[in-house]
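Asker: dropping the sequence and predicted coords here.
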Amino acid sequence: MPLSWIRTQTGATGKRNRGGVEKRAHRTRTTPPMVLACPQPSSGGVYVPIITPFADDGTVATEALERLAGRLIDDGAAGLVALGTAGEGPLLDDGERQAVLEVCARVCSDRGAQLIVGAGSNSTSHTMAAVRALDGTIGLTAVLCLVPYYLRPTQAGIRAHFEAVADASPVPVVIYNIPFRTGIRPSLETLLALAALEGVAGMKHSVGALDEDTQQLLAAAPEDFAILGGDDQHLAALVLLGGSGGITASAHLVTSRWVALADAALDGRVEEAREHQSALLPVAEAGFAEPSPAVFKGVLHRRGEIPTPDVRLPFLPAVAESIDRAEVAAAACG
């Protein structure tokens with residue numbers, strides 16, 4: 001199925017096309033490319049890696065999840081990322097993961113939003129099986145797969161891993177590049193090789209900075225390759241340099257303001273994007289003062305959006321001071 005993506009407009013920055021739909025001449029295989037286009041330009045390219053709420057008895061609170069998912073999309077999110085780290089996907093059992101998937105798929109389908117699902121592990125064969133198992137999921141846009149963590153494969157091993165996963169997946173693959181968590185940093189050469197693979201439609205790029213490799217990637221990646229910021233504090237700058245939007249955990253709070261930031265950056269309205277980012281920076285800093293999703297859950301619970309602030313071990317609930325700080329920061333954004 002085609003990957004419906006974020007960009008239809010060309011920003012005033014004169015950088016990457018953002019909405020490229022033409023076939024890439026240098027793809028490694030020859031079947032037709034995915035189409036990368038925004039379902040609604042106002043969606044702003046913000047994807048929320050949705051938390052998984054728990055009830056008092058520790059089970060998944062599916063009704064609260066459904067309400068939260070609907071609210072995030074109604075506030076302008078282009079779509080949801082289910083079963084990621086913020087969703088505590090690795091800490092759920094198979095039945096819980098299926099319940100979360102069904103709720104998110106239904107909400108996204110009903111509202112015409114996009115659904116990306118976190119899948120796999122550092123095992124290539126397990127990741128291939130995980131993405132195959134998602135075949136037939138209603139409204140599935142893409143799968144999000146980590147660079148293999150802990151094992152520290154070679155650069156060639158990273159490329160071979162994603163070639164195999166892309167061949168196995170029923171939908172496009174979005175690579176999750178976060179060296180801080182994986183312990184391995186793909187080189188620029190590897191990133192560009194992955195961007196050229198058919199079946200690999202984008203990347204969640206979370207390297208903690210707009211470093212030289214990030215800037216080179218933004219400049220040299222194919223026009224129809226979606227580079228999504230995973231570092232919320234750098235979202236405006238990354239999009240203004242040619243990025244496509246963000247997978248933005250902080251957008252659980254003041255969602256519409258994050259959408260406005262991305263809209264402005266995608267449209268090349270530099271000063272407006274800068275003002276939004278400046279206002280939202282305290283929200284991102286407060287939200288990640290403790291391991292995500294603890295602070296976001298704490299705020300959502302205080303607001304009555306989820307029944308408990310509970311997280312699964314080895315996470316611990318956020319302390320009151322962290323939640324207070326995040327509430328103040330969000331309130332200041334209006």
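Answerer: Perfect, thanks for sending it.
Asker: switch to C-alpha atoms for all contacts and neighbour counts from now on
Answerer: Fine.
Asker: and stretch 114-131, which residues are buried?
Answerer: Using 16 or more other Cα atoms under 10 Å as the test for burial, stretch 114-131 gives 114-122, 124, 127-131.
Asker: with Thr182 as the reference, measure out to the residue lying closest to Pro148 once chain neighbours are set aside.
Answerer: The shortest distance from Pro148 to any non-neighbouring residue, by Cα to Cα, 6 or more residues apart in numbering, is to Asn122 (4.1 Å). Distance, Asn122 to Thr182, by Cα to Cα, to the nearest Å: 9 Å.
Asker: confirm the residue nearest to Pro148 sits in a helix?
Answerer: No. In this structure, Asn122 is coil, not part of a helix, as judged by DSSP: H, G, I helix; E, B strand; the rest coil.
Asker: now do the helices in the stretch 1-150 of the chain.
Answerer: In the stretch 1-150 of the chain, the helices defined using DSSP state H, counting those that start in this stretch lie at 62-74, 94-111, 124-133.
Asker: wait, Ala251 touches Trp258, no?
Answerer: Yes. The pair Ala251 / Trp258 is scored as a contact, 6.0 Å apart, by Cα atoms under 8 Å.
Asker: spit out the residues that contact those two alike.
Answerer: Val46 (Cα atoms under 8 Å, 6 or more residues apart in numbering).
Asker: could I get the phi/psi values of the residue nearest the centre of the chain?
Answerer: Nearest to the geometric centre of the chain sits Ile247, at 2.9 Å (Cα atoms, centre = their mean). Backbone torsions of Ile247, given as degrees, to the nearest 10, read phi -100, psi 100.
Asker: skipping adjacent residues, who's closest to it in space?
Answerer: Per Cα to Cα, 6+ apart, closest to Ile247 is Tyr47, 4.6 Å.
Asker: in this structure, what residue sits furthest out from the centroid?
Answerer: The C-alpha centroid of the chain is most remote from Asp57, which lies 29.0 Å away (Cα atoms, centre = their mean).
Asker: look up how far Pro314 lies from that one.
Answerer: According to Cα to Cα, Asp57 and Pro314 sit 18 Å apart.
Asker: re the thing from before, what's around the residue nearest to Ile247, how many residues?
Answerer: Per other Cα atoms under 10 Å, the neighbour tally for Tyr47 reads 28.
Asker: what's opposite it in the beta bridge?
Answerer: Gly79, Ile247 (DSSP bridges).
Asker: got a list of what it touches?
Answerer: Neighbouring residues of Tyr47 by Cα under 8 Å, 6+ apart: 77-81, 245-248.
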